[in-house]
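S.K.: Just to be clear, the model below is a prediction. Sequence and coordinates:
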Amino acid sequence: MSRVLAVVLLLCVAAAAQTAPAPITEVAFETEIPLSQWNDLPAIVWTDSSQLSLAQDALQRKEIFKNNRVNVSLVNIAVGETTPVHKHSRDFISVYLSGDHLQQTVSGEKPDTQKIEAGEVRFRNAGYTHSTKNVGTAPFQAVMIEFADAQGPSKKVHKKSHTCTPNSKLCVDEKELFCTDKVCVEDVEMAPGSVTVRHSHATDHMLVAVSDYELTDEVEGKGTVVRRHKSGEVEYIPAGITHRLTNTGKEPARFTVILWK
C-alpha cells in the first residue's frame, strides 16, 4: 500500500511541474525596436509571473488600439486596488482621465502618494518598474500609449495659445506639454461652439479623448467629418490632412494630441 501511495504522490508532483507557469525574464530595451519585432515584444514584464497577476492585469488593462507605431490600452484601477509590480519594456505615455490620489511604488524606493489631475500627461522611458495603488475615492482611469521605437529623453515645452471667435467667448486653448526625439504632446480644450484655426499636418497624429466630445471637422478635399468619442477613446489620423475643428457638442471638449515629428 505504501508503494502505491508513493507512486500517486510522484504522479501529482509531475503533473504540478507541467502546469506551473514558466518564469518570465525581465527585458529592458535602450535602443530602437525594429517594427518587425513589435508583435514579439511584451509590453509589460511581470516580476510576479503568477496566474493571479496575469488575471488581475486582464481586468485592469484592455488593449483598445494598435498599429506599427503604438499599442494603446485603457487602464482601470478600482478604489483600494493595487496593480502587480511590473516592468515596462517600452517607452510610454500615460494620459490620466480622472483626477484623484495614487500611490506609486517604484522599485527600490518608498511608496509615494501623488495627486493626479484629470488630463495630466506623463512620459516614462523603458525599464520603469513599479506598482500603482488607487488610494482615492473613485475608480481611476488612464490611457497608456506604448511606442514601438525608443523615444529618447523628454523635454518640457512652455508654449500656449488662446484663440477665440471674434466678438465672443468661444475659445480654444492649446498647451504644448513636452517633446521627445520622435513626438510632441499637446493638451487642447475647446469651449462649445469654438473653432480652431485651419491647419495642416505633415506627419501622423493621434487624439486621446480626455472628455466626451463631438467635433465637426472640415477636411480639405474630403468634406465634413464628425469625430465623436467617449473619454478614453483614441483616433489615429494619418499624415497629409488640412482641416479645421468645431466643437459642435454641448460641453467643453478636452483631448490630448500626440504629433509625430
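M.R.: Received it, and whenever you're ready, just let me know what you need.
S.K.: Could you list the low-pLDDT ranges of this structure?
M.R.: Residue ranges of the chain with pLDDT under 70: 1-58.
S.K.: quick one, domains of it?
M.R.: 27-147, 155-260 (automatic domain parsing).
S.K.: As CSV, those with mean neighbour count would be great.
M.R.: Glycine gets a C-beta too; all of them are placed from N, C-alpha and C. What follows is these, written out as CSV (neighbours: other Cβ atoms under 10 Å):
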stretch, mean neighbour count
domain 27-147, 16
domain 155-260, 16
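S.K.: partner residues bridging the closest residue to I145 other than its chain neighbours?
M.R.: Nearest non-adjacent residue to I145, counting by Cβ to Cβ, 6 or more residues apart in numbering: I93, 4.6 Å away. Going by DSSP bridges, I93 is paired in beta bridges with F123, I145.
S.K.: how about I93, what does it touch?
M.R.: Going by Cβ atoms under 8 Å, 6 or more residues apart in numbering, I93 touches V121, R122, F123, R124, M144, I145, F147, V185, I258.
S.K.: can you give me phi and psi for the last one?
M.R.: Main-chain dihedrals, I258, degrees, to the nearest 10: phi -110, psi 120.
S.K.: and the gap between it and K182?
M.R.: 10 Å (Cβ to Cβ, to the nearest Å).
S.K.: Over to the fifth one?
M.R.: Counting by Cβ to Cβ, the gap from M144 to K182 is 17 Å.
S.K.: Ok, the second one next?
M.R.: Between R122 and K182 the computed distance is 17 Å (Cβ to Cβ).
S.K.: same question, the fourth one
M.R.: To K182, R124 is 15 Å away according to Cβ to Cβ.
S.K.: The first one too?
M.R.: According to Cβ to Cβ, V121 stands 16 Å off from K182.
S.K.: cool, the third one as well?
M.R.: In this structure, F123 lies at 11 Å from K182, with Cβ to Cβ as the measure.
S.K.: Give the residues shared as contacts by these two.
M.R.: Q151.
S.K.: just the helices in the protein please.
M.R.: 2-19, 51-60 (DSSP state H).
S.K.: in the sheet, who's paired with C171?
M.R.: Under the criterion used (DSSP bridges), C171 bridges to C164.
S.K.: Does it touch S161 like I think?
M.R.: No - with contact defined as Cβ atoms under 8 Å, C171 does not reach S161; the gap is 10.1 Å.
S.K.: okay, and the common contacts of the two?
M.R.: With Cβ under 8 Å, 6+ apart as the test, C171 and S161 reach no residue in common.
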